[in-house]
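# What would the 3D arrangement of this be:
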Amino acid sequence: MSKTTLFDLDGKIAFVSGASRGIGEAIARLLAQQGAHVIVSSRKLEGCQAVADSIVEAGGQATAIACHIGELEQIAAVFAQIREQFGRLDILVNNAATNPQFCHILDTDVSAFQKTVDVNIRGYFYMSIEAGKLMREQGGGSIINVASINGVSPGDYQGIYSITKGAVINMTKAFAKECAQFGIRCNALLPGLTDTKFASALVKNDAIRETALKQIPLRRVAEPTEMAGAVLYLASDASSYTTGVSLNVDGGYLA
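Next up is the predicted model:
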């Protein structure tokens, strides 16, 4: 009996934003392991190059391209490069996000508000549009938005971040409904509390972490690698009839 090929990504081109560390890095490494040529991207090329080089050294295929998704000009430039260099895109993982302010919602700074909206909503939206146009031309593809459990249940002192993640969940459904006719699927991953630099304000604070763990049935913080398997499912043929879904990977928190 042969093993399933449902999770094989041989010949696929995948773009992962925010892939120089944390959840994005774990996703990039797993997609490459399954045969995809992964475009490793984040704001700074140096970190991306280190991850891409490591993937290549392990026998995978990867290319590093810097892109700040909060800047529309950079999004346009990166997709021009993808068209020229690869001619296609099969998988987009919108993972890069920002959360510049940890404060009471009434103390939200207008610059922090704008930055969070520009990256977490506008960035995801225009990345999805550019990827969607490429995917429409080639007859299909998979878009995966990394949202958050905060998009369902807002986190304390994470008001605008939680609001943008709620928008990402609805954005996912909008793209899923309108792009299905082109063979494009769009789904969201909703990570719970994960041990990353991004979440260090929560994970490294003993009081906050202990309070959070009481609400998580599995009673522990996730590792970034534990998010990657769900993305592999959503990126591969294993999820060929799955679109518009928000997949909670949260240790049971939302239950």
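# Now do the strands in this structure.
Assigned by DSSP state E, the chain shows strands spanning 13-16, 37-42, 61-66, 91-94, 141-146, 184-191, 246-249.
# The longest one pairs with which strands?
Right, the one you point to is strand 184-191. strand 141-146 (parallel), strand 246-249 (parallel) (DSSP bridges).
# residues of stretch 97-116 that come out buried?
97-99, 101-102, 112-113, 115-116 (16 or more other C-beta atoms under 10 Å). Quick note: C-beta positions are derived from backbone N, CA and C, even for glycine.
# How about stretch 155-172?
Within stretch 155-172, the residues scored as buried using 16+ other C-beta under 10 Å are 155, 157-169, 171-172.
# Show me the helices in the stretch 51-200 of the chain, by range?
Applying DSSP state H, counting those that start in this stretch to the stretch 51-200 of the chain gives helices spanning 72-85, 110-117, 124-138, 159-179, 200-203.
# can you list the residues that contact the third one?
It refers to helix 124-138. Around helix 124-138, the neighbours that count as contacts under C-beta atoms under 8 Å, 6 or more residues apart in numbering are 15, 17, 69, 72, 75-76, 79, 82-83, 88-90, 92, 94, 141, 143, 145, 168, 171, 175, 179, 182-184, 186.
# Can I get the buried part of those residues as one PyMOL selection?
Filtering the contacts of helix 124-138 down to the buried ones (16+ other C-beta under 10 Å) takes a single PyMOL command:
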select buried, resi 15+17+69+75+79+82+89+90+92+94+141+143+145+168+171+175+179+182+184+186
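# can you pull the contacts of Gly229?
In this structure, Gly229 makes contact with Leu30, judged by C-beta under 8 Å, 6+ apart.
# Which pLDDT does the model give it?
For Gly229, the model assigns a pLDDT of 97.
# which one of the buried residues of stretch 155-172 sits closest to Gln215?
When the buried residues of stretch 155-172 are compared for distance to Gln215 (C-beta to C-beta), Gly155 wins out at 11.2 Å.
# Thanks again, I'm all set now.
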